[in-house]
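Participant: make a model of this:
(2 chains)
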Amino acid sequence: MHSPYMITGVLNLLAASLLLISFAMLSRRRTQRLITLFAWQGVVLFASTCLVGYRADLTELYYSAALTLLLKVIALPWILHRLIHRLGVQWDSEPLVNIPATMLVGLGLVIFAFGLAQPISRMATTITRNTIGIALAVIFLAFLMMITRRRAITQVIGFLAMENGLFFAATSATYGMPMVIELGIALDLLIGFFILGIFFFQIREQFDSLDLSNMESLKEE
Amino acid sequence: MSAITIVRQLSEVVLAIAIAPLFGGWIAQCRAWLQSRTAPPLIQPYRMLRKLFHKDAALATTASPLFRMTPYILFGTMVLAAAIIPSIATDLTFARAADAIALIGLFATARVFQSLAAMDIGTAFGSMGARRDMMIGFLAEPALLMVLFNAFLLSGSTALPSVVDVRTMHSFFVDPSLLFAAIAFLMVLLAENARIPIDNPATHLELTMIHEAMALEYSARHLALLEWAANLKLFNYACIGFALFLPWGIATQGRDGGVALAVAVGALLVKLVLAGAVLALIEALSAKLRIFRAPEYLAISFLLAVLGLLVHLLLEA
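Facilitator: Numbering: from 1, shown residues only, chains lettered A, B, ... in the order given. Below is the predicted model:
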């Protein structure tokens, strides 16, 4: 029961649960559940970053883990919850999602991501190189979620989940980006999120709903 | 084949037959508590069986011999399945003779007979229930197979006892792929045993019923055997789950003397108590799905199991 083996095992487990949460997000209809899942994704990300930091002995990673905890587990879900309360859509669910088909496409994406990541992981030297495929798959799945959903809020959650995937990819491929870049991304995320929050209200004022397909009517003939 | 193996095999089968209704009763009790009702006593299922065995059986005039035979066949297949599944020990005569794929075939046999018997009388409810059950079955079976393949990949064998042996020997640790497989298995277990997201075991005479619809024409000892077989089926599924995901405590080959066996029985009881509470909690928290949502539910379970295989291939390669 030696420690490096244990840590790699736990990291693999965390990576797998990240993928699991991504699939759960893909199959959920209710907005509130999605936010909870997003927060859980942040928790898993926090744990895995801490572990990689401990294993690789990098203090930097602890900072980015703390940033993850603050931003993605506490701040953003809280803001999202308040937002859907203020928009009055907390019990909203999306009707037109063919879940088995989406899941099937998701499965195809996972296979694609795993295949794509294989040469990269062979070159990488980090202990987490096996999980690069999973990180890529999480990104693709978040992409898929943004494509299949029609409501503005769920698309934004998809966008945030994609950032989670990118973050995880960075940690597993190169032990994270430099601190400056990471801080920049976090700030961007927060600002972008605020702007999108304002957009929600604008969209609702224009169309009386958050369904983005309404935006089609803005086109000129 | 030594005498001790036979003793082990016999004690396992007898234990399964004896405590399967208890497990069902325990789940019902937990459910009642969670719904803040007064719970029925734990031995309620046994009283029910006793009452049913003392009644006179009534048969429809159109019933064929198949209809009469089915309760016995069902009960027999479930007892045989209990003999194959390593619930307390792995060195079993029957378990060596049949692997997990044969086990699924056994469950399929039981399903076919139950559906045929339900259609035999010719009532609308019976054939409706049979058709629904076949639909659930054909979707749940591949998912269950995929779950089993996850475990087979880890242990390199299709026999459940070797899966348990390998897992207890050098794996104190949860493999990532088993995380997916466990969730998929839980979904299949709920679907296959007519539990709440797919079917409500507490309904009677409702348009949404599946398992009850097939047992509607049975009475007295036939019904008792059917109920007992249903309890055994749930018990068997729980034991498959323990063998795949929580094999700790099962007496493995070479370490299965009297003490180890006693420990195994104790571990099994603890696991059953916990599993029953978890099942009741899941049922209390979730709502029954519309029947047309069932394919979606089972497709998700199938995909999760496939995902487990993929994750295993990626992370272990």
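
Participant: quick one: is the helix or strand harbouring A:Leu14 near chain B?
Facilitator: Take DSSP states H and E as the rule and A:Leu14 turns out to sit in helix A:3-27. Yes. On the criterion Cβ under 8 Å from any Cβ of the partner chain, helix A:3-27 is in touch with chain B at A:6, A:9, A:12-13, A:15-17, A:19-20, A:23, A:27. Just so you know, the C-beta spots here come from the backbone N, C-alpha and C atoms, and that holds for glycine as well.

Participant: widest-spaced pair of the residues you listed?
Facilitator: Using Cβ to Cβ, the residues of helix A:3-27 next to chain B span at most 31.5 Å, a distance reached by A:Met6 and A:Ser27.

Participant: between these two, who's got more neighbours?
Facilitator: A count of neighbours by other Cβ atoms under 10 Å in any protein chain shown puts A:Ser27 above the other of A:Met6 and A:Ser27, at 21 against 12.

Participant: which ones are touching the residue nearest to the more buried one when sequence neighbours are not counted?
Facilitator: In this structure, A:Ser27 finds its nearest non-sequential neighbour in A:Ile99, 5.2 Å apart by Cβ to Cβ, 6 or more residues apart in numbering or on different chains. By Cβ atoms under 8 Å, 6 or more residues apart in numbering or on different chains, the contact set of A:Ile99 is A:26-27, B:296, B:299-300.

Participant: what's the helix or strand for residue 78?
Facilitator: Chain wasn't specified; assuming chain A. Using DSSP H and E, A:Trp78 falls in helix A:76-87.

Participant: you answered for a different chain; I wanted chain B.
Facilitator: Assigned by DSSP H and E, B:Met78 falls within helix B:65-84.

Participant: tell me who's in contact with whichever residue of chain A sits closest to chain B.
Facilitator: Of chain A, the residue with the smallest distance to chain B, taken as Cβ to the nearest Cβ, is A:Ala16 at 3.4 Å. Residues in contact with A:Ala16 (Cβ under 8 Å, 6+ apart) are A:134, B:176-177, B:179-180, B:311, B:315.

Participant: tell me where chain A has helices.
Facilitator: Assigned by DSSP state H, chain A shows helices spanning A:3-27, A:31-56, A:59-68, A:76-87, A:99-123, A:132-148, A:152-174, A:179-207.

Participant: sorry, back to before: where's the residue nearest to A:Ser27 relative to B:Arg68, distance?
Facilitator: Distance, A:Ile99 to B:Arg68, by Cβ to Cβ, to the nearest Å: 43 Å.

Participant: which SS state does B:Pro197 fall under?
Facilitator: Under the three-state scheme (DSSP: H, G, I helix; E, B strand; the rest coil), B:Pro197 adopts coil.

Participant: is it true that it touches B:Leu289?
Facilitator: Yes. Counting by Cβ atoms under 8 Å, B:Pro197 does reach B:Leu289; the two are 5.1 Å apart.

Participant: so where is the chain shaky, pLDDT-wise?
Facilitator: This is for chain A. Low-confidence regions of chain A, defined by pLDDT under 70, span residues A:1-4, A:90-97, A:126-127, A:221.

Participant: the chain in question should be chain B.
Facilitator: Scanning chain B for pLDDT under 70 picks out the ranges B:1, B:170-174, B:205, B:254-256, B:317.

Participant: and it, which residues reach chain A?
Facilitator: Those residues of chain B that sit near chain A, judged by Cβ under 8 Å from any Cβ, are B:172-174, B:176-177, B:179-180, B:183, B:295-296, B:299-300, B:303-304, B:306-307, B:310-311, B:313-315, B:317.

Participant: returning to what we had before: list the contacts of the helix holding A:Trp78.
Facilitator: Applying Cβ under 8 Å, 6+ apart, the set of residues contacting helix A:76-87 from outside is A:31-32, A:35-36, A:38-39, A:42, A:90, A:92, A:153, A:157, A:160, A:189-190, A:193, A:197, A:200-201, A:204, A:210.
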